[in-house]
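Enquirer: show me how the following folds:
(one chain, ligands or ions: 2)
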Amino acid sequence: MIVVMDPRSSRDQVDHVVTLLDGIGIRSHVITGAAQSVIELLEVDGEIDRARLERAPMVDKVVDKPIPILAASRRPGEPTWEVPLGPRALMGGRKLGIIAGPCSVESERGVLEIAAAVADAGAVALRGGAFKPRTSPYSFQGHEERGLEMLALAREATGLAIVTEVMCCRHVERVGPHADVLQVGSRNMHNSPLLKEVGRQEKPVLLKRGWSASLEEFLLAAEYIMQAGNRNVILCERGIRTHEEYVRNTLALAVVPEVKRISNLPIIVDPSHGTGQAHLVAPMSNAAVACGADGLLIEVHVVPDRAWSDGDQTLNPDQFRALMKGLEPFAKVCGRELCSVTPAMETAECL
Ligand code: PEP
Ligand code: MN
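Expert: Ligands and ions are numbered 1, 2, ... in the order given. Next up is the predicted model:
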C-alpha cells in the first residue's frame with residue numbers, strides 16, 4: 001500500500017504522515033520525487049484505517065499496490081503535454097512530429113544528404129545513432145564522438161533537431177551537448193540508473209518501449225525519468241516480440257489510444273523497427289496517425305541496400321517523400337497537420 005502525497009505537500013506534511021504511521025506501528029519508506037512524494041507502507045499485517053490516512057493534510061490518496069502511474073497520468077480534461085523538439089518544433093501538439101534519419105550515422109556526406117532529404121520532405125528532427133546498441137558484438141557499434149560531430153553539422157546545415165541514443169549513464173554527459181533529444185532504446189527501457197540519469201538532466205527524452213515490456217512497465221519507466229525531475233518524455237511504440245515471423249516485431253498500435261486515455265505524455269510510433277520491412281512502413285505510419293499517434297520515427301537512408309544497419313526496414317528519400325504525402329489525408333481526418341518545412345527551415349514554424 002502507498003500514500004500518495006499532493007504535489008504541493010511540504011516535507012513537514014510528509015513527516016506528519018510518517019509519524020501517524022509510526023503511531024500505529026507501521027514502518028514506512030518515503031520516496032521523494034520531483035513530481036510528488038509517495039510513502040510506501042512496509043510489513044503491513046491486518047487492516048489499516050485508510051480514511052484516517054486520507055484525512056491527513058495534503059494526502060492525495062491511499063492506494064494498493066501495484067504502484068500506479070502518477071506523474072505520467074492524465075487528469076480529466078488535461079491536454080497532451082507538449083515536449084520541445086529543438087527550438088522550432090514540439091511533440092504532442094496539433095502538428096505531427098516526424099523524426100527521420102539513418103539507423104547509424106555512417107559518414108558526414110551520407111548524413112548531410114539524408115538530413116537535407118528528410119527536412120525537404122517535412123521531418124522536424126533527424127534521428128541517427130552515434131552509439132549503437134547491436135545484438136552482435138561483431139556488428140558496427142557506431143562512430144561515437146565522430147558521429148555526434150556529424151549530427152551537429154547536419155543540424156547546422158538543415159535546422160533539424162537532433163535525436164540520438166544514450167546507452168549508459170556515462171553517455172549522457174557526452175551526448176547531451178550535441179543532441180536536442182536523448183533516445184533511450186528498447187534494450188535500456190528497464191535500466192533504472194539510466195532512466196534516473198536522463199531524468200536529472202534537461203534535454204527531452206525519447207523513451208522506446210522494451211520489446212517484451214507491458215504497457216504498465218513502459219509507463220513506469222517514464223515515471224522514473226519524471227520523478228527524477230524531467231517532465232519532457234516522449235513515448236515511442238516500436239513493436240513487441242511475438243511468435244510472428246513475417247515481421248521483425250509486432251507493432252502494437254492499440255497502445256496509442258490506450259496511452260492517450262491514461263497518460264498525458266505524447267506517444268509516437270516507429271514502424272521501421274515495428275515491422276522490420278520497408279514495404280510495411282508507409283501503411284503502418286498511416287495507421288499510427290489514424291489511431292492518434294503524435295508523431296513517427298522512420299529510418300531513411302539514401303541507399304537502404306547499402307545501409308550499415310537495418311537496411312531492410314529503411315526507406316529511400318523518394319519513398320519517405322511519398323509516405324509524407326500519403327499521411328496528409330490521415331492527418332487531416334484526425335484534426336492534425338504536418339509541419340511544412342523548407343530545406344533550411346528558414347521559414348519553418350512548427351510550434
Ligand atoms: C534504433 O532506434 O535504431 C534502435 C536500435 O531501436 P530499438 O531500441 O527500438 O531496438
Ligand atoms: Mn535501427
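
Enquirer: pretty sure Gly159 is touching Asp120, no?
Expert: No. Taking contacts as Cβ atoms under 8 Å, Gly159 lies outside contact range of Asp120: 11.7 Å. All C-beta atoms are positioned from the backbone trio N, CA, C, and that covers glycine.

Enquirer: give me the more crowded residue out of these two.
Expert: Gly159 (22 against 17; other Cβ atoms under 10 Å).

Enquirer: over to the residue sitting furthest away from the middle of the chain: give its phi and psi.
Expert: Ranked by distance from the centre of the chain (Cα atoms, centre = their mean), the top residue is Gly23, with 42.4 Å. Main-chain dihedrals, Gly23, degrees, to the nearest 10: phi -60, psi -30.

Enquirer: same question for Leu297.
Expert: Dihedral angles (degrees, to the nearest 10) for Leu297: phi -130, psi 110.

Enquirer: can you count the residues close to it?
Expert: 29.

Enquirer: please name the bridge partners of it.
Expert: Per DSSP bridges, the residues bridged to Leu297 are Ile99.

Enquirer: isn't it up against Ala100?
Expert: Yes. Using Cβ under 8 Å, Leu297 is in contact with Ala100, at 7.5 Å.

Enquirer: residues shared between the contacts of these two?
Expert: Common contact partners of Leu297 and Ala100 (Cβ atoms under 8 Å, 6 or more residues apart in numbering): Arg127.

Enquirer: now the helices for the stretch 51-200 of the chain?
Expert: Secondary structure of the stretch 51-200 of the chain (DSSP state H, counting those that start in this stretch): helices at 108-121, 145-158, 169-175, 192-199.

Enquirer: quick one: which of those helices is nearest Asp15?
Expert: In terms of Cβ to Cβ, the element of the helices of the stretch 51-200 of the chain nearest to Asp15 is helix 192-199, at 24.1 Å.

Enquirer: how confident was the prediction at the residue of the chain found nearest ligand 1?
Expert: Among the residues of the chain, Gly185 lies closest to ligand 1, at 2.9 Å counting by Cβ to the nearest ligand atom. Confidence at Gly185, expressed as pLDDT, is 98.

Enquirer: now it. Its backbone dihedrals?
Expert: Dihedral pair for Gly185: phi -80, psi 170, per degrees, to the nearest 10.

Enquirer: isn't it right next to Lys208, touching?
Expert: Yes. Under the criterion of Cβ under 8 Å, Gly185 makes contact with Lys208 at 5.3 Å.

Enquirer: more neighbours: those two, which one.
Expert: More neighbours surround Lys208 than the other of Gly185 and Lys208, with 26 against 22 (other Cβ under 10 Å).

Enquirer: that one: what's it in contact with?
Expert: Gln183, Val184, Gly185, Ser186, Met189, Cys236, Arg238, Asp270.

Enquirer: ok, now with 7 Å
Expert: Gln183, Val184, Gly185, Ser186, Met189, Cys236, Arg238 (Cβ atoms under 7 Å, 6 or more residues apart in numbering).

Enquirer: likewise for Arg74?
Expert: Ile262, Ser263, Asn264.

Enquirer: ignoring the adjacent residues along the chain, who's closest to the residue of the chain found nearest ligand 2?
Expert: Closest approach between the chain and ligand 2, counting by Cβ to the ion: Cys103, at 3.3 Å. Using Cβ to Cβ, 6 or more residues apart in numbering and skipping the chain neighbours, the partner closest in space to Cys103 is Asp310 (3.9 Å).

Enquirer: residue contacts, that neighbour?
Expert: Applying Cβ under 7 Å, 6+ apart to Asp310 gives the contacts Cys103, Ser272, Glu299.

Enquirer: which of those are close to ligand 1?
Expert: Applying Cβ under 6 Å from any ligand atom to the contacts of Asp310, one finds that Cys103 fall near ligand 1.

Enquirer: which of the contacts of Asp310 lies closest to Arg306?
Expert: Checking the contacts of Asp310 against Arg306 by Cβ to Cβ gives Cys103 as the nearest, at 12.2 Å.
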